[in-house]
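*Asks:* Predicted model and sequence follow; I will ask about them next.
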Amino acid sequence: MVSFRNLITGALAVATPAIAALTPAQIVTALRDLTTKSQALQTPAQQITIINGPLIIIGLGPFPQIIKGFTEIITITTATVPQIVDTPTITVVADRQAIAEAFRDFVRVHQALLNILIGKSGLFSTVPIIGQPVAATLRSLESIVDAAAFALIDVVAGQEGVPAQAQALSTTIDIAIKKYEGLSLTKRENVIPVAAIKAAPIGRRAEMIAA
């Protein structure tokens, strides 16, 4: 069977110069950094309300901060995946277990963040302006997290727990995507134009969006 890592390594060899491999300790550090960034996003996610959520349309409220945080996670992971792919299979059991533990912590914290967002999505069944940007960000997240998970599974030689954790995280991201993709606008005749909302005083904008 051709491994995911071998497929990616071949493509990278054609497209880019050699990429530095990571040590087990560096992989653990990278996962912990992503865990910390995910943990930091839980507070703004918990602060989402039916009033401040729609402020995303003018770049305010918790959602822009959350999207920015996810984008940072995506950027870091995108840069790290090729390095993991270029890392030889780890044979030392203690190193594999350390990576598995760091990945488990990341999955736990990231799922907690996603579950907060899943719960908050129910507040906005009539606010489609929230669904599109959040779903788009989550789709990008899903793509790179899946790539990272496959690379990790390969580099730790299928260490027990890693494949199951990867599948669990992928499932949670997919649920979050569907929740935000599913947001729809109830038909109504008097929809306030975006330009009018942006032109209104800040104190009045949330009322106009929620009206």
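*Replies:* Received, thanks. Source: prediction; values computed, not measured.

*Asks:* by contact count, what packs against the helix or strand hosting Glu142?
*Replies:* In this assignment (DSSP states H and E), Glu142 forms part of helix 128-155. Applying 3 or more C-beta pairs under 8 Å, 6 or more residues apart in numbering; DSSP states H and E, one finds that helix 128-155 contacts helix 4-15, helix 62-85, helix 93-121, helix 162-181. To be clear about C-beta, it is placed using only N, CA and C from the backbone, and glycine gets the same treatment.

*Asks:* Dump these into JSON lines; add mean neighbour count and distance to Ala21 as well.
*Replies:* Shown next, in JSON lines, are the helices and strands packed on helix 128-155 (neighbours: other C-beta atoms under 10 Å; distance: least, C-beta to C-beta, whole Å):
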{"stretch": "helix 4-15", "mean neighbour count": "13", "distance to Ala21": "10"}
{"stretch": "helix 62-85", "mean neighbour count": "18", "distance to Ala21": "6"}
{"stretch": "helix 93-121", "mean neighbour count": "19", "distance to Ala21": "13"}
{"stretch": "helix 162-181", "mean neighbour count": "17", "distance to Ala21": "18"}
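
*Asks:* Go through those helices and name the closest to Pro24.
*Replies:* Nearest to Pro24 among these is helix 93-121 (3.7 Å), distances taken as C-beta to C-beta.

*Asks:* Next, the angle from the closest one to helix 162-181.
*Replies:* Taking axes from the mean of the first three to the mean of the last three C-alpha atoms, to 10 degrees, one finds helix 93-121 and helix 162-181 inclined to each other by 20 degrees.

*Asks:* How about the contacts made by the spatially most central residue of the chain?
*Replies:* Centroid-nearest residue in the chain: Leu141, 3.9 Å away (criterion: C-alpha atoms, centre = their mean). Going by C-beta atoms under 8 Å, 6 or more residues apart in numbering, Leu141 touches 70, 73-74, 173.
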